[in-house]
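> the sequence isn't on hand, but the structure is:
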C-alpha cells in the first residue's frame, strides 16, 4: 500500500513544478523579441539558490528527503534555463551582472555545503541546513507582500499578483500536509507562514476587489489643469478663426502654431503665402 506522505509529496512535486513553469509565457516573448533588457532576473537567481539548498537538505534526510530532492532538482533545472535565456538576450552590462550573481550563488552554496560538512556532524547537519532553507522559503512567501501596502493605500487590487498568491497558497497547503505526515518542522514552519500570509492577502483582495481606487491628488490637479488648458486653446482658436475669415478662404491647411495671437498680421500673411505656394 502506498504511504499517504508519498502521495502528498508527489502532489507537492506537481504543484511546485507548475509554479516553476509559470514564467514560460514571459520567456516565450523574450525569445520572440530577442530582448530581455526590460526583465528582472533577480527572482530566478534567488530561486536557484533556494532550490539548491533544499536539495542539500533532502540529501541529508535519507528517510523522507527523496521527494524534496526531486522537486528542487526540477526547480534548479528550470531556473538554469531561465537564466541562460536572460543571459543570451540581455545587454552586455546585464550579462556581467547575471554572471556575477550566479557565481555568487554557487559560491554561497559551496560555502554552506563545506561549513555543514566540516562544522556539524550527524543530525545537526540537517538542522543547520533546515534553518537556512526555512528562512529562504519564508522570504519567498513574503515577497508578494510588497504589493499589499500599495493595495491598502490605493484601495485597488490592480497591483496585487493574485495568481502568484494563489499558487503559493496552494503550494504551501500541500507541503504543510506533507510536513505533518513526516513530522518535518523545517518544511512545516515556512509553509505554515506562507498559508497565513496568503490568507491575509486573499482577505485584502476580497475587501478591495470592488472598491473605487483612490486617485492621486497631484494627478487630479494635472488632469484638471490639462482640461482647462484645452478649453483655453479651443476658445483662442475660435477667436482666431473669426478674425482670419479672409485668410480661411484659401485652400491651405495650417497648423495651430501659425494662428498664434502674438504674431503680427504681416507675418501671418507671409506664412500663409509660403504655405499656399508650397501646396501648389
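Received, thanks. Just so it is clear, the structure is predicted and the values come from calculations on it, not from any experiment.

> C-alpha from now on. contacts and neighbour counts both.
Will do.

> list of residues touching stretch 51-67?
With contacts defined as CA atoms under 8 Å, 6 or more residues apart in numbering, stretch 51-67 is touched by 6, 9-10, 13, 68-70, 72-73, 75-76, 109, 113, 125-126, 129-130, 132-133, 182.

> got a pLDDT number for residue 209?
Looking at residue 209, its pLDDT is 82.

> to what extent is it buried, counted in neighbours?
Using other CA atoms under 10 Å, residue 209 has 15 other residues around it.

> quick check on it: phi, psi?
Here is the backbone geometry of residue 209 (degrees, to the nearest 10): phi -60, psi -40.

> from residue 158, how far off is it?
Distance of residue 209 to residue 158, computed by CA to CA, to the nearest Å: 9 Å.

> where does the stretch 151-280 of the chain have low pLDDT?
Flagging of the stretch 151-280 of the chain using pLDDT under 70 yields the residue ranges 159, 213-280.

> let's see it at 50
Along the stretch 151-280 of the chain, the parts satisfying pLDDT under 50 run over 217-230, 232-233, 238, 241-280.

> residue 91 and residue 36, how far apart?
Distance, residue 91 to residue 36, by CA to CA: 8 Å.

> between these two, who's got more neighbours?
Neighbour count, other CA under 10 Å: between residue 91 and residue 36, residue 36 has more, with 21 against 14.

> quick one: secondary structure of residue 107?
Look at residue 107: counting by DSSP: H, G, I helix; E, B strand; the rest coil, its state is helix.

> what's the neighbour count on it?
There are 12 residues near residue 107, going by other CA under 10 Å.

> same check on the one 4 residues further on?
When neighbours are counted by other CA under 10 Å, residue 111 registers 12.

> over to residue 121?
Neighbours around residue 121, by other CA under 10 Å: 10.

> that one and residue 45: what is the separation?
The separation that residue 121 has from residue 45, given CA to CA, amounts to 29 Å.

> I'd assumed residue 72 was in contact with residue 48.
No: assessed by CA atoms under 8 Å, residue 48 is found out of contact with residue 72, at 9.1 Å.

> ok, and what's touching stretch 23-35?
Outside stretch 23-35, the residues that touch it by CA under 8 Å, 6+ apart are 36, 82, 85, 89-90.

> of the residues you listed, which one scores lowest on pLDDT?
Comparing pLDDT over the contacts of stretch 23-35, the lowest score belongs to residue 36 (89).

> contacts only, for that residue.
With contacts defined as CA under 8 Å, 6+ apart, residue 36 is in contact with 30, 86, 89-91.

> among these, which are in helices?
30, 86, 89 (DSSP state H).

> how many residues are close by the second one?
It refers to residue 86. By other CA under 10 Å, neighbour count at residue 86 equals 25.

> and if you look at the last one?
By other CA under 10 Å, 17 other residues sit near residue 89.

> what's near enough to touch it?
30-31, 34-37.

> buried ones among the residues you listed?
Among these, those classed as buried by 16 or more other CA atoms under 10 Å are 30, 35-37.

> return the item of those having minimum pLDDT.
Pick the lowest pLDDT in the buried ones among the contacts of residue 89 and you get residue 37, at 84.

> for that residue, which non-adjacent residue is closest in space?
Nearest residue to residue 37 in three dimensions, chain neighbours excluded: residue 90, at 5.2 Å (CA to CA, 6 or more residues apart in numbering).

> next one: stretch 13-22 to chain centre, how far?
On the basis of CA atoms, centre = their mean, to the nearest Å, stretch 13-22 sits 17 Å off its chain's mean C-alpha point.

> what sits up against it?
Here stretch 13-22 makes contact (CA under 8 Å, 6+ apart) with 67, 70-71, 74-75, 78-79, 167-168, 170-171.

> nice, that's everything, thank you.
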